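Asks: below are the sequence and a predicted model; questions follow.
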Amino acid sequence: MIAMLCSALLGAPIAPEVGDVVDPGPPPPHVAEDGRKSGRVHAQLDTAATWGVGAQMFLGVQLRAVALLEHWTTRHAIGTWDFGGSVSYQNEPIFLAPFIDRDSVQGAGHRLQLVASAGHTAHMGKRRRVALGLHVFGGWNYWRSDYELDYAQEDVHGSAVVARHRAIVGVEARFAYRFHRRVGFNVLLSAPMPTTSSYLITFAQVGLGLTFYLR
């Protein structure tokens, strides 16, 4: 009590006494940097801008939400089982198709994918900042091709819209590096199983984006 009164009068900070409980603050929104299992379910959000090949080259975006469950730990790594879902949109513009006459053909291909995923990630390094994961995914794929053509010299004009719904399954590898308490970057590589034409479900894609550590 005397120490507290003197400290208040002098404006000096109070040093914790032996036996005082020091609040460690909120738990980190990612796996523990010392590799200890916390028993918590972690949550993160992965974003990515993608490029790949389907009917032709495409550009796209992907958003993935995932829950991570810790299940093993070593001196330099901790492993998690990952369960999540993602939504992806891909656009095949004619400027990425050099074989198409852009003066005579207008349009684009579109693709929407909704999938669930499950897999494993190893979080490595002295502070568990590096993560490498492998996942399988499966879900629904929607493809739409919408084009118009006008070959004036040949007197050929027309338009067509074709759409298909297909199931999709595949594998995805993802590398991530956490450079902030709540933010990191990730690189992904994914490919569907060739269950149908790559025009519909793509051949493969790569992506680069940010990862947000939520819990």
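Replies: In hand now; what should we look at? Residues are numbered from 1 along each chain as shown.
Asks: pLDDT-wise, which helix or strand of this protein ranks last?
Replies: Ranking every helix and strand in the chain by mean pLDDT, DSSP states H and E puts helix 2-10 at the bottom, with a mean of 47.
Asks: quick one: the strands in this structure?
Replies: Ranges of strands in the chain, per DSSP state E, are 41-53, 57-73, 77-93, 105-124, 130-151, 156-178, 183-192, 204-213.
Asks: neighbours of H76, how many?
Replies: Residues contacting H76 under the criterion other Cβ atoms under 10 Å number 12. Where C-beta positions appear, they are placed from N, C-alpha and C, glycine not excepted.
Asks: quick one: contacts for the spatially most central residue of the chain?
Replies: In the chain, the centroid-proximal residue (Cα atoms, centre = their mean) is D46; its distance is 3.2 Å. For D46, the contact set (Cβ atoms under 8 Å, 6 or more residues apart in numbering) comprises 62-66, 86, 174, 176, 186, 188, 209-212.
Asks: and for R174?
Replies: Going by Cβ under 8 Å, 6+ apart, R174 touches D46, T121, A131, L132, G133, H135, N186, V187, L188, L189.
Asks: tabulate the residues you listed (TSV), appending pLDDT and distance to G79.
Replies: Shown next, in TSV, are the contacts of R174 (pLDDT from 0 to 100; distance: Cβ to Cβ, whole Å):
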residue	pLDDT	distance to G79
D46	98	18
T121	97	7
A131	97	10
L132	97	11
G133	97	10
H135	98	13
N186	98	18
V187	98	20
L188	98	19
L189	98	20
